[in-house]
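S.K.: Got a predicted structure plus its sequence, pasted below:
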Amino acid sequence: MSEVLADDVQTLRTALAGAGDKVSVTLELSRTSAEKVLTLLDAERTTGAVVVPIKELFTTTETAAMLGLSRPTLMKLVDSGEIDHVKVGTHHRIPAEAILKFQRARQARRSKAAEALAEFSNEIGFVD
């Protein structure tokens, strides 16, 4: 960890140790770290879920477990192009960004389906 990043981590820890709901700090981050923070905040804002990848590429078994899918189902999604992948030798690896993209798309589809179901329920008069 760079000295600047270590200082920023300590600054944030110190600020969080204080009282109150809001924390105000000034950090100097590398572009890579700033992009990671933005991805984290975007994930929390859009899906309510926070995914903190500890590495860039995941095995198909790891990815399937994270997404709550079976490995064969994941492979069907990879083969259809719904989930991006890279090949490392003969093995498929799933980039962290592809996992996040799939989760966001899945959440959007679920929200759209729930809205359509609610609209249909209202049209037929099926309201609790």
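M.R.: Nice, I can see it.
S.K.: Quick check: phi and psi on residue 91?
M.R.: phi -100, psi 140 (degrees, to the nearest 10).
S.K.: Pull the contacting residues for it.
M.R.: By Cβ atoms under 8 Å, 6 or more residues apart in numbering, the contact list for residue 91 reads 59, 60. For every residue, glycine as well, the C-beta is placed using N, CA and C.
S.K.: Please report how far it lies from residue 104.
M.R.: 25 Å (Cβ to Cβ, to the nearest Å).
S.K.: Check which residues of whichever strand or helix holds residue 66 are buried.
M.R.: Per DSSP states H and E, residue 66 falls inside helix 60-67. Burial within helix 60-67, assessed by neighbour count using 16 or more other Cβ atoms under 10 Å, is assigned to 60, 63, 64, 66, 67.
S.K.: my guess is the fourth one contacts residue 98, does it?
M.R.: Going back to what we said before, that points to residue 66. No - Residue 66 lies out of contact with residue 98 (Cβ atoms under 8 Å); the separation is 11.4 Å.
S.K.: Enumerate the helices of the protein by residue range, in sequence order.
M.R.: Taking DSSP state H as the criterion, the chain carries its helices at 3-17, 31-47, 60-67, 71-80, 96-124.
S.K.: That's all I had, so thanks and see you.
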